[in-house]
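Novice: Okay, sequence plus prediction incoming.
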Amino acid sequence: MESASATAASPLSDDERRLAELGYRQDLKRGWSSFSNFAISFTIISVLAGPFTTFGQAWLNGGPVAISIGWPVISIFVLMVGFSMAELASAYPTAGGIYYWAYKLGGVRWAWFTGWFNLIGLIAIVASVDYACATFLNALLGLYGLHFVFNFATTNIQSGLEHTFTLFALILFLHGSFNVFSSQLVSLFNRISVWWHVLGVAVIVVLLIAVPSHHQTVAFVFGHRINADGFSQSMYWFYVLPVGFLLTMYTFTGYDASAHLSEETQGASQAVAKGVWRSIFYSALVGWIVLLALVFAATHVAAITTAGGTAQSVIETALTSAAAKAVILISFVGQFFCGLGCVTAASRMNYAFSRDRAVPGHRFWSRLNANRTPTWSVLMVTLAAAIITLPAIKGDKAGTPVAFYAVTQLTTIGLYVAYTIPIFLRRRLGDRFEPGSWTLGRKYKWINLIAIFWVALNVIIFSLPASPTGVWWRSGFTWSAVNYAPLVTIVVLIGVEVYWQVFAKRHFRGPVRTVDEPNLA
C-alpha cells in the first residue's frame, strides 16, 4: 500500500515515460539542461582543438584555399549529417544513441556493427584529443622553460615524446576522476567551456589582428594554393586538396555526445536534437573566424610550411613571445575541456552498450556508483585510450608519432561510419519511420542522401596515402609515411565480424529492456 501510494505521488515525467517506452528505467540522474546538452557537443567539437591540431593537414594539402573556403563548404555537408542524426535523436532519446537507432531501424546485426564502430571511434577521440592537449601543454611548459621533474625545454625528440605521453596519462587521469565523482561538475565545466571557447576565440582573433606588423592579403587567404605533400600539381584538385578535408572532418566529430547524454537531459526529445545540429552550426561559424585570423597572420609562408604548417608555427612566427604563450594557453584549456567531454560521451556509450550485454565484462562497465555515474565504464574508456596510444611514445626521425595520426584518422572514419549506418537505415525505412517531436518532414529524402554520399566519399579519401612515400609500389616508400587508417578499419571490421560469428549472434539480442509494459502502464 505504501509503495502504491509513493508511485501515485511520483508520476513519471514525460522524459521518464518516453525512456520507459524505449525499454529503460531512469537509472542515470536527469540533471542536464538543454544548454548543457548543447554545450557538451560544442565542447567536443572544440574550435580550440581540431583547428589548431590539424591545421597543418590542410595547409600542406591545399594551402589557404583548403582552410578559408574548404571549412565553410565542408561544414554545410557536415550539417546535413547533423540534421539527419538530430531527427533520429529526437525519436530515440537514449544513452545508447546511435547503435540503438540502428537496432530500431534495422535489427540486431546492424546495431552490433554500429555500436562497435561508435565505441571504438569514441575511445579513439578520447585518445587523440587528450594526446593533442598534452602536446600543447608540453609546448607551453617548454615556452616557459620549465624544468620540474622533466626538462620541458629539451630539444631531444625522443625525450619530448616521452614527456608528452606522461602529460597525456595525467590528463586522462584527471578527466576520469572528474567523470567518476560528479556528473554535475562535468556539466558545469561544459557550460564554462562554451564561454571559454567564445571568449577565447575572441582574444585569439584580437591578438592575431593587433600584434603582427602586417597581414596577408584577401587574395592570398582565399586564393593561394599549396601542395607540399610531394604529389604532382596536376593532382591538386582531385587528390591533394581532398586530403586536406581532414582539418574540418576531424574537428566535426563527437557531436553524437548530445545523444549519449539523452537520459541525463531534461526535455530530451527536443533538447538533444537541437544540441546535435546547433553544436555543428555555431562551431562552424566560430571556427571559421579563428581559422581566417590564423591564415591572415601567416606571413612567413616558407617557415610555416617547413615546420609542417602547424598552427603553432603560425602563432610563434606572427606573435610576440607573450602573445604566443597566451594563445597556446587558451587553446590548451579549450582542449582540456574538449577531452573531458569526450570521456563523458565515451563512458556513457560504453555504459549503454554494456547494459545491453554487448561488451566483454559488461557487468562491470554497467555499474553505477553512489553518484549514479558509471565509474567502471569511465575507467575502461580511459585505460583503453591510453593503451591504443602507447606506440606514440616512439616517433619517426622527425619526432612524428605515427601511431597518433593513425588514431586521429580512425576517429574520423569510425565515427562517421557509425553516424551513417542509421541514417541509411532511416532513409531505407521511408515513411514507415515514426519521428519524434523534432523532424525533417519530407526533406529527409535529400538530406539523408547528401549525408550518406558525403561520408562515403570521405571514407575513401581518408583511406588514401597522404604522401608519395606512403605508396608502397613507388620508389622512396617508407612505413613511417603509410596511412594506417584503412588497415586499422579493416582489422576492426574483421574483429567485430569474428566476435559476432563466434559469440555475439547467439548471445546478443540488442537492447535489453529494464522495464516491463505492465508496470509502465
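Specialist: Alright, I've got the coordinates.
Novice: Does residue 116 touch residue 496 like I think?
Specialist: Yes - Residue 116 is in contact with residue 496 according to C-beta atoms under 8 Å; the separation is 4.7 Å. Quick note: C-beta positions are derived from backbone N, CA and C, even for glycine.
Novice: The two: who's more crowded?
Specialist: Per other C-beta atoms under 10 Å, whichever of residue 116 and residue 496 has more neighbours is residue 116, with 24 against 17.
Novice: Okay, and the more buried one sits in which element?
Specialist: Under the criterion DSSP states H and E, the helix or strand holding residue 116 is helix 108-143.
Novice: and what of residue 303?
Specialist: Residue-wise, residue 303 maps onto helix 301-306 under DSSP H and E.
Novice: Now the closest residue to residue 472 other than its chain neighbours: phi and psi?
Specialist: With C-beta to C-beta, 6 or more residues apart in numbering as the criterion, residue 472 has its nearest non-adjacent residue at 7.6 Å, and that residue is residue 482. Backbone torsions of residue 482, given as degrees, to the nearest 10, read phi -70, psi 140.
Novice: for residue 427, what are its contacts?
Specialist: Contacts of residue 427 were listed using C-beta atoms under 8 Å, 6 or more residues apart in numbering, and they are 444, 445, 448, 449, 452.
Novice: about what we covered before: count the neighbours of the residue nearest to residue 472 for me.
Specialist: Residue crowding around residue 482 was assessed by other C-beta under 10 Å; the count is 19.
Novice: That one contacts residue 465, doesn't it?
Specialist: Yes - contact criterion C-beta under 8 Å: residue 482 and residue 465 qualify, at 7.3 Å.
Novice: doesn't residue 138 make contact with residue 163?
Specialist: Yes - with contacts defined as C-beta under 8 Å, residue 163 counts as touching residue 138 at a distance of 5.5 Å.
Novice: List the buried residues of stretch 415-428.
Specialist: Residues of stretch 415-428 classed as buried under the neighbour-count rule (16 or more other C-beta atoms under 10 Å) are 415-427.
Novice: Out of these, which comes closest to residue 352?
Specialist: Proximity of these to residue 352 (C-beta to C-beta) peaks at residue 418, which lies at 13.4 Å.
Novice: quick one: the closest one from residue 134, how far?
Specialist: Residue 418 sits 26 Å away from residue 134, taking C-beta to C-beta, to the nearest Å as the criterion.
Novice: circling back: mind checking which of the contacts of residue 427 land in strands?
Specialist: Among the contacts of residue 427, none falls in strands (DSSP state E).
Novice: residues near residue 446, how many?
Specialist: Other residues close to residue 446 by other C-beta under 10 Å number 12.
Novice: Which pLDDT does the model give it?
Specialist: With respect to pLDDT, residue 446 scores 97.
Novice: do residue 331 as well
Specialist: With respect to pLDDT, residue 331 has a value of 94.
Novice: cool, and the one 5 residues further on?
Specialist: You'll see residue 336 listed with a pLDDT of 94.
Novice: just to confirm, which helix or strand has it in it?
Specialist: Per DSSP H and E: helix 321-355 holds residue 336.
Novice: That helix relative to helix 108-143, how many degrees between them?
Specialist: With axes from the mean of the first three to the mean of the last three C-alpha atoms, to 10 degrees as the criterion, the two stretches helix 321-355 and helix 108-143 enclose an angle of 160 degrees.
Novice: Number the residues from 11 up from this point.
Specialist: I'll keep to 11 as the first residue from here, and by that count the last item is helix 331-365.
Novice: In helix 331-365, which residues are buried?
Specialist: With the criterion 16+ other C-beta under 10 Å, helix 331-365 contains buried residues 333-365.
Novice: Show residues contacting the helix or strand following that helix.
Specialist: Proceeding N to C from helix 331-365, the next assigned helix or strand is helix 372-375, under DSSP H and E. Defining contact as C-beta under 8 Å, 6+ apart, one finds that helix 372-375 is touched by 360, 361, 363, 364, 365, 366, 369, 384, 386, 387, 390.
Novice: And those, which is closest to residue 198?
Specialist: Using C-beta to C-beta, the shortest approach to residue 198 within these belongs to residue 384, at 18.8 Å.
Novice: confidence score at the closest one?
Specialist: According to the prediction, residue 384 has pLDDT 85.
Novice: Identify the residue nearest it in space, chain neighbours excluded?
Specialist: residue 361 (4.0 Å).
Novice: Pull the contacting residues for that neighbour.
Specialist: Residues in contact with residue 361 (C-beta under 8 Å, 6+ apart) are 105, 375, 376, 384, 387.
Novice: which among those gets closest to residue 522?
Specialist: For these, the nearest to residue 522 is residue 376 (9.8 Å; C-beta to C-beta).
Novice: check contacts around that closest one.
Specialist: Residue 376 neighbours (C-beta under 8 Å, 6+ apart): 361, 364, 365, 384, 386, 387.
Novice: hey, which helix or strand in the chain has the poorest pLDDT?
Specialist: helix 12-19 (a mean of 43; mean pLDDT, DSSP states H and E).
Novice: Next secondary structure after it?
Specialist: Stepping forward along the backbone from helix 12-19, the first helix or strand reached (DSSP H and E) is helix 24-31.
Novice: Among the contacts of residue 437, name the ones in helices.
Specialist: Here DSSP state H is the test, and these give 454, 455, 458, 459, 462 as lying in helices.
Novice: Pull out the buried members of these.
Specialist: Once neighbours are counted (16+ other C-beta under 10 Å), the buried part of the ones in helices among the contacts of residue 437 comes down to 454, 458, 462.
Novice: where do the strands sit along the chain?
Specialist: Counting by DSSP E, the chain has these strands, from start to end: 71-72, 157-158, 160-161, 236-237.
Novice: worst average pLDDT in those?
Specialist: Comparing mean pLDDT across the strands of the chain, the weakest is strand 160-161, with a mean of 64.
Novice: Tabulate the CA atom coordinates of stretch 198-214 in CSV.
Specialist: Presented in CSV, the C-alpha positions along stretch 198-214 are these (Å, rounded to 0.1, in the frame of the first residue of the first chain):
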residue,chain,number,x,y,z
LEU,A,198,29.3,22.8,-15.1
PHE,A,199,32.7,22.5,-16.8
ASN,A,200,30.9,22.1,-20.1
ARG,A,201,28.8,25.2,-19.6
ILE,A,202,32.0,27.1,-18.7
SER,A,203,33.7,25.6,-21.8
VAL,A,204,31.2,27.2,-24.2
TRP,A,205,32.0,30.7,-22.9
TRP,A,206,35.8,29.8,-22.8
HIS,A,207,35.6,28.9,-26.4
VAL,A,208,33.7,32.0,-27.5
LEU,A,209,35.7,34.5,-25.4
GLY,A,210,39.0,32.6,-26.0
VAL,A,211,38.5,32.8,-29.8
ALA,A,212,37.7,36.5,-29.4
VAL,A,213,41.0,37.0,-27.6
ILE,A,214,43.0,35.0,-30.1
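Novice: Identify the residues contacting the residue nearest to residue 264 when sequence neighbours are not counted.
Specialist: If the residues on either side of it in the chain are set aside, residue 264 comes closest to residue 54, at 3.6 Å by C-beta to C-beta, 6+ apart. Residues in contact with residue 54 (C-beta under 8 Å, 6+ apart) are 135, 139, 263, 264, 265, 267, 348, 351, 352, 355.
Novice: and residue 54, what pLDDT?
Specialist: In the prediction, the pLDDT value recorded for residue 54 is 87.
Novice: And it, how far from residue 287?
Specialist: Residue 54 sits 14 Å away from residue 287 when distances are taken as C-beta to C-beta.
Novice: And for residue 357?
Specialist: The span separating residue 357 from residue 287 equals 24 Å under the rule C-beta to C-beta.
Novice: related to what we said a few turns ago, going by neighbour count, list what's buried in the helix holding residue 126.
Specialist: Judged by neighbour count (16+ other C-beta under 10 Å), helix 118-153 contains these buried residues: 118, 120-153.
Novice: Kindly report the same for stretch 476-484.
Specialist: Of the residues in stretch 476-484, those with enough neighbours to count as buried (16+ other C-beta under 10 Å) are 476, 477, 479, 480, 481.
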